[in-house]
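quick one, what's the 3D model for this:
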Amino acid sequence: MMRENQWLTSMAESNGIAVIVVTVLTLILVRLLYVLNRCGKSLRPTTVKPLSTLIVLGSGGHTAEMINLLLELQKDRFMPRYYVAAATDNMSLQKARTFESSSSSEKGTPAQYMQIYRSREVGQSYLTSVGTTLIAIAHALWLMIKIRPEVILCNGPGTCIPLCAIAFMFKVLGIRWSSIFYVESIARVKRLSLSGLLLYKLGIADQLYVQWPQLQRKYPRSIYVGCLM
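Numbers count the residues shown, from 1 in each chain. So this is what the prediction gives:
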């Protein structure tokens, strides 16, 4: 009889744990579907206060294109601004500083400049990139907890992927809602870059912009805005 009671108690505990696990997973799934559905819709401003903005810079042409985009930005609506570039990129943040210093003498919190580890360097083997990717994700998580941006602007560098993925995770967990805007490079005429494709396929970006009409036809959830250069 004692063994039977112990067995019944054990079964009840197991069933209770199973119910809790199923409930939690169901809630996460519902929240995930809600976030994915909301990310696919046009966003409307709900406040007039400035929005803290994370700007992800890439080497070479990526940074030049981003600076051109920022020239059209209503800077008083997107502040404070946080610029992030790869740890091995020595030029992008300098260009951002030059851009900020040449802007009008606006009041408010000055821009901040940060660097992040790259998941994989050019020519690095895929085997060793596993470790560097884990380091990059941990560093991206620390940055996102520190910054907690309301808006993320990016246009192609691979360094944006862990940042956007963590921002999406924060949405699902209800920690912070960061609106992610991805502008594909003008050099991408026929297909999206790997970064753009990941954000598009996974539904992470709130809005993904392309600069060529044939690209929008191939990826119908993207938004064609014409050439921005």
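
does the residue nearest to the spatial centre of the chain count as helix, strand or coil?
With distances taken as C-alpha atoms, centre = their mean, the residue of the chain nearest its centroid is residue 164 (1.7 Å). Following DSSP: H, G, I helix; E, B strand; the rest coil, the label given to residue 164 is helix.

what sits against it?
Each residue near residue 164 by C-beta atoms under 8 Å, 6 or more residues apart in numbering is listed here: 152, 154, 180, 182, 199, 204, 205. To be clear about C-beta, it is placed using only N, CA and C from the backbone, and glycine gets the same treatment.

pretty sure the fourth one is in a helix, no?
No: when the secondary structure is assigned by three-state DSSP, residue 182 falls in strand instead of a helix.

what's around it, how many residues?
Residue neighbour count, defined by other C-beta atoms under 10 Å, stands at 27 for residue 182.

repeat that for residue 205.
26.

check the gap between it and residue 156 for me.
12 Å (C-beta to C-beta, to the nearest Å).

sec struct for residue 113, please.
strand.

pLDDT score for it?
Looking at residue 113, its pLDDT stands at 95.

so it touches residue 83, yeah?
Yes: Residue 113 is in contact with residue 83 according to C-beta atoms under 8 Å; the separation is 4.9 Å.

any shared contact partners between these two?
Taking C-beta under 8 Å, 6+ apart as the criterion, residue 113 and residue 83 both touch 93, 96.

when the two are compared, which one has more neighbours?
residue 83 (24 against 18).

would you verify that that one is located in a helix?
No: applying three-state DSSP, one finds residue 83 to be strand, outside a helix.

can you verify my assumption that it contacts residue 57?
Yes: using C-beta under 8 Å, residue 83 makes contact with residue 57 at a distance of 6.0 Å.

can you list the domain ranges for the protein.
1-39, 45-224 (automatic domain parsing).

mind listing the helices for this protein?
Remark: helices assigned in the chain by DSSP state H are 2-39, 61-71, 92-102, 126-147, 160-173, 194-202, 213-218.

where among the domains of the chain is average confidence lowest?
Among these, domain 1-39 scores lowest, at a mean of 60.

separation between residue 215 and residue 201?
For residue 215 relative to residue 201 (C-beta to C-beta), the value is 15 Å.

among those two, which residue is more densely surrounded?
Higher neighbour count among residue 215 and residue 201: residue 215, with 19 against 11, using other C-beta under 10 Å.

which residues touch the more buried one?
184, 188, 189, 190, 191, 192, 222, 224.

ok, now which ones touch the third one?
The contact partners of residue 189, taken as C-beta under 8 Å, 6+ apart, are 212, 214, 215.

and the nearest residue to the first one once chain neighbours are set aside, its phi and psi?
The one in question is residue 212. Distances taken as C-beta to C-beta, 6 or more residues apart in numbering place residue 189 nearest to residue 212, at 5.2 Å, with adjacent residues excluded. Per-residue torsions, residue 189: phi -100, psi -40 (degrees, to the nearest 10).

I am finished for the moment; much appreciated.
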